[in-house]
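> Below are the sequence and a predicted model; questions follow.
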Amino acid sequence: MEVKNEENGAKGAFYIEIENERLAEMTYVKAGDDKIIIDHTEVSEKLKGKGAGLQLVRAAVEMAREKGIKIIPLCPFAKSVFDKKAEFADVLA
């Protein structure tokens, strides 16, 4: 599964698209120049249990590290991933 990223102004999303159908998406909003707030994660029944949500969070962590920014996980799913994955703690705001 390939995770793609799109940004439109202050909003953005990481998503997984299969055969032109968006099956998983995690949205975020920029909070200034150095933070993003993950506000929602949704995974289709077709991808449930396949680690799609974790891949979305991992993509956000990789982007944060590349850009030197921090993440505020307001979305309950994203927060639960950060709580379980100590290796992602370096990008938490």
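Sure thing, it's come through.
> center of the chain, which residue is that?
Relative to the mean C-alpha position of the chain, the nearest C-alpha, by C-alpha atoms, centre = their mean, is the one of Val57, at 3.8 Å.
> ok, it - contacts?
The neighbourhood of Val57, defined by C-beta atoms under 8 Å, 6 or more residues apart in numbering, consists of Met26, Ile38, Thr41, Ala78, Val81, Phe82, Lys85, Phe88. From N, CA and C alone the C-beta is placed, and that goes for glycine too.
> which ones among the residues you listed are found in helices?
Among these, the subset assigned to helices under DSSP state H consists of Ala78, Val81, Phe82.
> Quick one: classify Tyr15 as helix, strand or coil.
Assigned with DSSP: H, G, I helix; E, B strand; the rest coil, Tyr15 falls in the strand class.
> separation between it and Glu42?
Applying C-beta to C-beta, to the nearest Å, one obtains 10 Å for the distance of Tyr15 from Glu42.
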